[in-house]
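In: pasting the sequence and the predicted model now:
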Amino acid sequence: MKPIEGKSDCVVIIPTYNERENAAAIIEAVMNQPHEMDVLVVDDGSPDGTAASVRGKMEEHPGRVHLLERSGKLGLGTAYITGFKWAIERKYEYIFEMDADFSHNPDDLMALYKACAEGGADVAIGSRYVTGVNVVNWPMGRVLMSYYASKYVRIVTGMPIRDTTAGFVCYRRRVLETIRLDDVRFKGYAFQIEMKFTAYKCRFKIVEVPIVFVNRVLGESKMSSGIFSEAVFGVVRLKVWSWFHKYPDCSKK
């Protein structure tokens, strides 16, 4: 599919499940960025009317807000894969992923964009840990679990990335075109690690941009011990798989 003349070079992918309280506001916050950005919401059949809220924004911002509706909770990773494929087909150059609940500040989108568009990064990560621990309103136990899990991932994989499970990321399209999206194995938070690890093994330029992560105010957290365990224990499998796979060298492209 050819790029649409006059459309933005950026799209922000936001997966949702029961985010009616946040959906309209987060979309509007993206619409208000100084660099024009489109939005793609991937909704997993939310019973609370999230999709209806998004459709209202589609009417307010025709051609800039888009919605993909899926039947049932199919996993965070598959939501992003679906969104990535949609964005690649439409030739967006900068493809973002972020949460719907304002834990990621939409105003930080510009910093990620500039890191890629002006700073030459292929992947820009909104990092909670690059300048210490920048997390607000999390219980201390969860802060420690997240911080040391990222440290563990860094040791096992060798990635020089401090926030390996971050879900606030900007990818250049060529990164997502290089990664075999259909071969991505994980669906939960390990998905975030796998994407970064694959980009790292392909020698793309990855930078971390410091952000402040704020725990959600409205709605319910989707985090569970099972999701987090996948991230921790899946890392070893990811490392072993890498020993038997040849990655393209994209550092000079």
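Out: Alright, I've got the coordinates.

In: from here on, just use CA atoms for contacts and neighbour counts.
Out: Fine.

In: tell me which residues of stretch 151-167 are tucked away?
Out: Neighbour counts over stretch 151-167 (16 or more other CA atoms under 10 Å) mark 151-154, 157, 159, 161-167 as buried.

In: straight-line length of it, end to end?
Out: Chord length of stretch 151-167, first to last residue, is 16 Å (CA to CA, to the nearest Å).

In: which residues are contacting that stretch?
Out: By CA atoms under 8 Å, 6 or more residues apart in numbering, the surrounding residues in contact with stretch 151-167 are 97-99, 125-130, 147, 150, 189-190, 192-193, 196-197, 200, 208, 231-232, 235-236, 239.

In: likewise for stretch 95-105?
Out: For stretch 95-105, contacts defined as CA under 8 Å, 6+ apart pick out 10-16, 19, 22-23, 26, 80, 84, 87, 167-173, 212-219.

In: if you average the pLDDT over that stretch, what comes out?
Out: Mean pLDDT, stretch 95-105: 94.

In: would you mind measuring from G49 to L67?
Out: For G49, the distance to L67 equals 13 Å [CA to CA].

In: quick one: which of the two has more around it?
Out: Legend: neighbour count by other CA atoms under 10 Å for G49 and L67, higher for L67 (19 against 15).

In: would you map the strands across this protein?
Out: Secondary structure of the chain (DSSP state E): strands at 10-16, 38-43, 65-69, 94-97, 123-127, 135-136, 169-172, 206-210, 213-214.

In: so which of those gets nearest D183?
Out: Nearest to D183 among these is strand 169-172 (17.8 Å), distances taken as CA to CA.

In: which other residues reach the closest one?
Out: Strand 169-172 is contacted by residues 93-98, 112-113, 116, 122-126 when judged by CA under 8 Å, 6+ apart.
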